[in-house]
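Student: Return atomic coordinates for the entry below.
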Amino acid sequence: MSDLLTDRDAKTSTVDDILKEKLERALHQLTYEVQVHEMAKIASEHNAIDLAYAASRMPLAACLVLFENLSGSEKAPFLINAQETVVAHILRHLDDAAIVEFINKMPTDEAVWVLDNVSDRKFRRLLKLLDSKKAQKMLNLRSKDCHTAQRMMVNDFFVFSMDTTIGEVSEYIREHPHIEMTRRIFVQNDKGQLQGYVPDRNLIINPPTLALKQVMRSISHSVGPEAQREEVVDVVERYKIPALPVLDSESKLMGVICYEDVVEALEDIADETIAHMGGTNESIGEYEPVWRKLVARAPWLLVTLIAGLVNAFCMAFFDSYEGVLLAFVFFFVPLITGMSGNIGIQCSTVLVRGMATGLLSNKGTREAVRHELIIGLCMGLFFGVLSGLLVFLLDISAPSHIAVNPVIIGIIVCAGLMGACMVGTLLGVFSPLFFSKMGVDPAIASGPIVTAFNDIFSMMIYFLISWGLGSLFFGL
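Tutor: Next up is the predicted model:
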């Protein structure tokens, strides 16, 4: 195996696999002393971020051993990039003094994220051990919605008055190396209101005697502290802003949202959307407890179970009308539910994707709904006619024992599939909009809920159409 440190072209997935294999070999050493020695060696050779990602694929007990063998400066990056289950397990086994030691080295926003994994009682206990100023900032930040700009922003940034010179700014930055946010230097007036910013490049190319007001640029875009993360992502992605200012009601700078925080928010949104579309909110991990996965999936599967029972009741109800609902109608139930379900999921996925990426305005949403309804109608018409024709051809090529005209069978299947596809389209189009209006993530509507309701309504429409056409053709 080639050394990971020299393999600069390795993909991150390959890095994770190599690290996981190394850590597993260390864990299988014969004695605890040798095991700890191997762990310490791995921890010293590799980046804390890579170790954090590899730890997500290891047993929780092994993650704790790995964390204990990290150097003091590496513990904070490890916790910030590790999975929540890993962070919670590590914090559960550390005493308060050890936690406070590395929390003091973290920015406020990252410290709050890490301590979100402890109980409220332990959080309050830890605050008493921290510096009072930092403790108050963390307490205020934790009280905010975790999906708002106030939780995404960093509180460590550089802001100066308009008359400050570039030389004075440079000297101040050198005296505060712990503040990493230097890509934009912000400028405020005498009242503390944000007036503009200076790109870091301007601090290099301009003479040190020049005042900031002579080189600053105006602020085109900002957000308030209560702005939702979707709004923040939309603004940063659209205007390619590397550092988005967060302003209060008096236009005073409260914090800055960095591009890295937006990327993390995008990853979280994508993970949640994919999970909801699949009908689960469980975390991914080899060693995630089985009971947690059961709890995460069970509510969604319960919806499917109820829908299945309702379907069985409907079939039993229509089956009692043997003279009207012909036996062959039941043969095509899987075809009807499958086709209508897929059409509905396609429609809802398109709309959910547009909502998540911010591509749909109010007017755009109405236009997208109209297009999806037209597409659903056309798909239902096309596949309804196609299925009716195929059923007719199959029946005349391989005659069945059912004494029904093949033309009638084809017409009933064609009309039933068209009706079911239209029901699937309506559910797929309007359910995300309904959930969005109710303040619920519209991605939820793309999962088992739409599928379950589609099975019920599409099958009922199919049976009703079959019953109506059967009455028409046979006079029953």
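Student: Show me where the chain has its strands.
Tutor: Ranges of strands in the chain, per DSSP state E, are 159-161, 184-188, 194-199, 243-247, 253-258.
Student: Do me a favour and get the end-to-end distance for stretch 104-122?
Tutor: 16 Å (Cα to Cα, to the nearest Å).
Student: Switch the strands of the chain over to CSV; also include mean neighbour count.
Tutor: From N, CA and C alone the C-beta is placed, and that goes for glycine too. Shown next, in CSV, are the strands of the chain (neighbours: other Cβ atoms under 10 Å):
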stretch, mean neighbour count
strand 159-161, 17
strand 184-188, 23
strand 194-199, 20
strand 243-247, 22
strand 253-258, 23
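Student: quick one, which of the ones you listed is nearest to S218?
Tutor: Closest approach to S218 among these (Cβ to Cβ): strand 194-199, 5.2 Å.
Student: Tell me what angle that closest one forms with strand 253-258.
Tutor: Per axes from the mean of the first three to the mean of the last three Cα atoms, to 10 degrees, the angle that strand 194-199 makes with strand 253-258 is 30 degrees.
Student: What lies in contact with strand 194-199?
Tutor: For strand 194-199, the surrounding residues in contact (Cβ atoms under 8 Å, 6 or more residues apart in numbering) are 159, 162, 169, 183-189, 212-213, 215-219, 222, 243, 245, 247, 251-253.
Student: you'd agree S387 is up against S340?
Tutor: No. Applying Cβ atoms under 8 Å, one finds S387 not in contact with S340, separated by 11.7 Å.
Student: which residues are common contacts for these two?
Tutor: Common neighbours of S387 and S340 (Cβ under 8 Å, 6+ apart) are L417.
Student: Low-confidence bits of the stretch 351-476 of the chain, can you list those?
Tutor: For the stretch 351-476 of the chain, applying pLDDT under 70 flags the ranges 356-364, 395, 398-405, 439-448, 473-476.
Student: At which residues are the helices of it located?
Tutor: Along the stretch 351-476 of the chain, the segments classed as helices by DSSP state H, counting those that start in this stretch run 362-397, 406-437, 448-474.
Student: The shortest one: which residues count as buried?
Tutor: By neighbour count, with 16 or more other Cβ atoms under 10 Å as the criterion, the buried positions of helix 448-474 are 448-463, 465-467, 469-470.
Student: ok so, going back, between S387 and S340, which one's more packed in?
Tutor: The neighbour count for S387 versus S340, taken as other Cβ atoms under 10 Å, is higher for S340 (33 against 20).
Student: What sits closest to the more buried one if chain neighbours are left out?
Tutor: Distances taken as Cβ to Cβ, 6 or more residues apart in numbering put G424 closest to S340, at 3.5 Å, once the chain neighbours are dropped.
Student: Okay, the one you found and F457: tell me how far apart.
Tutor: 8 Å (Cβ to Cβ, to the nearest Å).
Student: Likewise for A76?
Tutor: In terms of Cβ to Cβ, A76 sits 53 Å off from F457.
Student: Spit out the contact partners of L70.
Tutor: A43, A48, L51, F78.
Student: give me the number of residues near the first one?
Tutor: One way to gauge burial is a neighbour count; for A43, by other Cβ under 10 Å, it gives 21.
Student: pretty sure it is in contact with E74, am I right?
Tutor: Yes. With contact defined as Cβ under 8 Å, A43 and E74 form a contacting pair (7.2 Å).
Student: Tally up the residues packed near the nearest residue to V86 once chain neighbours are set aside, please.
Tutor: Excluding the flanking residues, the one nearest V86 by Cβ to Cβ, 6+ apart is C63, at 4.9 Å. Neighbours of C63 under the rule other Cβ under 10 Å: 26.
Student: same check, this time on the one 10 residues further on
Tutor: One way to gauge burial is a neighbour count; for S73, by other Cβ under 10 Å, it gives 10.
Student: Same check on F78?
Tutor: A count of neighbours around F78, defined by other Cβ under 10 Å, yields 25.
Student: pretty sure it contacts F67?
Tutor: Yes. F78 sits in contact with F67 when judged by Cβ under 8 Å, with a separation of 6.3 Å.
Student: which residues are common contacts for those two?
Tutor: Residues touching both F78 and F67 by Cβ under 8 Å, 6+ apart: A55.
Student: Point out where the stretch 1-150 of the chain drops to low pLDDT.
Tutor: The stretch 1-150 of the chain contains residues with pLDDT under 70 at 1-13, 15-16, 27-36.
Student: Okay, helices next: where are they in it?
Tutor: Per DSSP H, counting those that start in this stretch, the stretch 1-150 of the chain carries helices over the ranges 12-27, 32-45, 48-55, 60-68, 72-81, 84-92, 96-103, 108-115, 120-127, 132-142, 149-152.
Student: which of the ones you listed sits most buried?
Tutor: helix 149-152 (a mean of 24; mean count of other Cβ atoms under 10 Å).
Student: What is it packed up against?
Tutor: Here helix 149-152 touches helix 108-115, helix 229-239, strand 253-258, helix 259-278, going by 3 or more Cβ pairs under 8 Å, 6 or more residues apart in numbering; DSSP states H and E.
Student: The first one relative to helix 132-142, how many degrees between them?
Tutor: If I follow you right, that is helix 108-115. 70 degrees.
Student: Give the other helices and strands that helix 108-115 contacts.
Tutor: Against helix 108-115 (3+ Cβ pairs under 8 Å, 6+ apart) you get helix 72-81, helix 84-92, helix 96-103, helix 132-142, helix 149-152.
Student: what sits up against the longest one?
Tutor: Contacting residues not belonging to helix 132-142 are listed as 104, 108-109, 111-112, 115-116, 123, 127-128, 130, 150-151, 155 [Cβ under 8 Å, 6+ apart].
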